[in-house]
Each structure stands twice: as structure tokens, then as C-alpha cells.
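K.L.:
what follows is a predicted protein model with its sequence.
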Amino acid sequence: MRRLLLSLVMALAMSAQAQSPAQAPPPFVLQGPIATGQVFDLARQRGRVVMVFYWATSCAVCRDKLPELRQNMLGWKDKPFDLVTVSVDGKEADWRAYEQLQAVTQPAAAQRVTSLWAGARGFRHSLGATPKLPLTLVIDAQGQVRQRVEGRMAPELWDEVAELLP
């Protein structure tokens, strides 16, 4: 009888484990100083949808995409949406020169974009090795990566972002 009861308890425990939802992966980590010297922490963006765009000034596709990203971001200025760009340039001066150019050519968009340089002291992210560029991550309001696109970004990605917004 004890053996039967023990077997039943074990079976129920295993069944409960199998039916429990898988734990969500930890939220994506992105921290570091922005161009103004303030510190950005993605964890403070909870409740907002964030698009993170990894790029380099040497990447023609990346440079071509940045103005579009900035313009689309302005279209959602009243929504809980943020655009964060992460330059993986080897030289900080290359990143800063490009950001200064954007401030002149797209001043409204440049003011709203959070821009980081991956080479800065204190920069951290949970991405691992630098991927194929450009890399676009769409992060939901809970800090989970919902989309990861290496290379050119299809226009439909904006529809997926819109679905995450309230």
C-alpha cells in the first residue's frame, strides 16, 4: 500500500512539473553611458516597447536604415516606444561624428533616440558576441526579446512592434 501511495504521489508530482509553464528567460540586459554621459539601463524601460539596433558606421545597410528608424520612432512619439541604437564601431570618434551629423540633419529624431557605444567603459549587454550587422531586437514591455533580425529588416517588423503597443 505504501509503495502504491508513493508511486501515486511521484506520478502526480511529475505530472505537475510537466504541466507547469516553462520559466521565461531572464530579461535582456543593456546598460551603458549615452553620448551625454548619463547612464542608460534597459531595465528602467519596463512598461515600454524598445527596439535596439546594433550598427556600425562602416556598415552601409546600417547607415541606410538609421534615418528610417528615427522617422518611424517619431510617428510613435505618443506611445510607450523607444529606439536605442548601439554602435559597435572600433573608434568612439566615428560614432560621435555620426551622431553629431544626425543631430544636424534630423534634430527632432536625434533628440529622442538613445545612443550607446559598445566600446564605452561600463557598457554591458546580454547579447554575447557581436552579430552580423545590422541587428535589430524588439523587446517587449516585460524586457523579453520578442524578435531578433540579423541583416536587413523587413517592413513587417513595424507591424509586430505595433501589436506590442497598447
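P.N.:
Okay, I see it.

K.L.:
ok but residue 85 is inside a strand, no?
P.N.:
Yes. Residue 85 forms part of a strand when assessed by DSSP: H, G, I helix; E, B strand; the rest coil.

K.L.:
residue 145 and residue 139 touch, don't they?
P.N.:
Yes. Between residue 145 and residue 139 there is a contact at 5.7 Å, judged by CB atoms under 8 Å. To be clear about C-beta, it is placed using only N, CA and C from the backbone, and glycine gets the same treatment.

K.L.:
quick one: the helices in this protein?
P.N.:
For the chain, helices defined by DSSP state H occupy the ranges 2-19, 60-75, 92-105, 107-112, 156-164.

K.L.:
still on that earlier bit, residue 145 and residue 139: which is more packed in?
P.N.:
residue 139 (25 against 16; other CB atoms under 10 Å).

K.L.:
how about that one, nearest residue that isn't a chain neighbour?
P.N.:
In this structure, residue 139 finds its nearest non-sequential neighbour in residue 50, 4.5 Å apart by CB to CB, 6 or more residues apart in numbering.

K.L.:
which residues does the one you found bridge with?
P.N.:
On the basis of DSSP bridges, residue 50 is bridged to residue 82, residue 139.

K.L.:
OK, contacts around it?
P.N.:
Residues near residue 50 by CB atoms under 8 Å, 6 or more residues apart in numbering: 42, 81, 82, 83, 84, 138, 139.

K.L.:
10 Å instead, please
P.N.:
28, 30, 42, 80-84, 114, 137-141, 143, 145, 161, 164 (CB atoms under 10 Å, 6 or more residues apart in numbering).

K.L.:
same thing with residue 92?
P.N.:
With CB under 10 Å, 6+ apart, residue 92 has these contacts: 35, 117, 118, 119, 120.

K.L.:
same thing with residue 95?
P.N.:
Residues near residue 95 by CB under 10 Å, 6+ apart: 35, 55-57, 85-89, 115-120.

K.L.:
mind checking how far it is from residue 144?
P.N.:
28 Å (CB to CB, to the nearest Å).

K.L.:
about what we covered before: for the helices of the chain, which one sits closest to residue 150?
P.N.:
Residue 150 lies closest, by CB to CB, to one member of the helices of the chain: helix 60-75, at 10.9 Å.
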